[in-house]
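Visitor: Show me how the following folds:
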Amino acid sequence: MKTSLITLLFCLIGFVAKAQNEDTQPSTKSIFVELGGPGLPYSFNYDFRFDKTKVDSWGMRLGFGGYAMDGDSFFSLPFQINKLMGKGPHYFEIGLGATFFTFSEDRNSYCVDGYYDSQSGQYICTSYESNGYNFILDVDGSPSIMGTMNFGYRRVPIDGGFTWKINVNPIFNNNGFWPLYAGVGFGYAF
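Guide: Numbering: from 1, shown residues only. You can find the predicted model right below:
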């Protein structure tokens, strides 16, 4: 099984390398991991240009992120329309989109009414109140949507390869606007 997987991996690497040698089009697609940014805590993303012949054009990114630990969980799906402006390999990036997210509310509530059960020796809660959830801005509940913007720098090698980006990502929802959220991403352009 290991031999089959290793063989498959080398075949895929060879196929990608051969396709890059034969193809003279620029790197208009990328995959990357981003800390912060529109995915909120972090996300894995796929980005592509609508015009496959120009890197400095309109495009879209789609991603997912999340975590689950100590009874808390968070899952996000960032979506954004963006535009790259400049000359390779240096680009200014702008974008606008939304991030759908859901989270567990177990730890965000407290007991407001109940009674003491003398047989079990425990307090039994009959009514809970939510503390609310806060990811920089207050959130009304789960699931929810956060609006996102993107202003930053992206380095995309002309022939593909290692790509990186650093951005300011203002976020907003019905409870407010936060202009100083940021993100940094690293990945592979092809």
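Visitor: Spatially nearest residue to the most centrally placed residue in the chain (excluding sequence neighbours)?
Guide: By C-alpha atoms, centre = their mean, the mean C-alpha position of the chain lies nearest to residue 39, the distance being 2.5 Å. Once flanking residues are discounted, residue 39 sits nearest to residue 65: 4.1 Å by C-beta to C-beta, 6 or more residues apart in numbering. No exception for glycine: its C-beta is placed from N, CA and C like everyone else's.
Visitor: and the one helix or strand that neighbour maps to, which residues are buried?
Guide: Using DSSP states H and E, residue 65 sits in strand 58-69. The neighbour-count criterion (16 or more other C-beta atoms under 10 Å) identifies 59, 61, 63, 65, 66 as the buried residues of strand 58-69.
Visitor: pLDDT averaged over that strand - what is it?
Guide: Rounded to a whole number, the mean pLDDT of strand 58-69 is 93.
Visitor: relative to strand 58-69, how tilted is the strand of greatest length in the chain?
Guide: If you go by DSSP state E, the chain has its longest strand at strand 72-87. Following axes from the mean of the first three to the mean of the last three C-alpha atoms, to 10 degrees, one obtains 160 degrees for the angle between strand 72-87 and strand 58-69.
Visitor: which residues touch the next helix or strand after strand 72-87?
Guide: Downstream of strand 72-87, the next assigned helix or strand under DSSP H and E is strand 90-103. Contact with strand 90-103 is made by 38-40, 55-56, 61, 72-86, 133, 135, 142-156, 165, 167, as judged by C-beta atoms under 8 Å, 6 or more residues apart in numbering.
Visitor: same check, this time on stretch 40-53
Guide: Outside of stretch 40-53, the residues within contact range by C-beta under 8 Å, 6+ apart are 25-26, 28-37, 39, 55, 57-67, 74, 76, 78, 82, 84, 99, 101, 135, 146, 171, 185, 187.
Visitor: Can you show me the strands along the protein?
Guide: Counting by DSSP E, the chain has strands at residues 29-36, 42-49, 58-69, 72-87, 90-103, 109-117, 122-130, 133-135, 137-139, 144-155, 161-168, 171-173, 176-178, 182-189.
Visitor: pLDDT on stretch 104-118, on average?
Guide: 68.
Visitor: tell me the contacts of the nearest residue to residue 136 once chain neighbours are set aside?
Guide: Excluding the flanking residues, the one nearest residue 136 by C-beta to C-beta, 6+ apart is residue 178, at 5.0 Å. Taking C-beta under 8 Å, 6+ apart, we find residue 178 in contact with 136, 137, 170, 171, 172.
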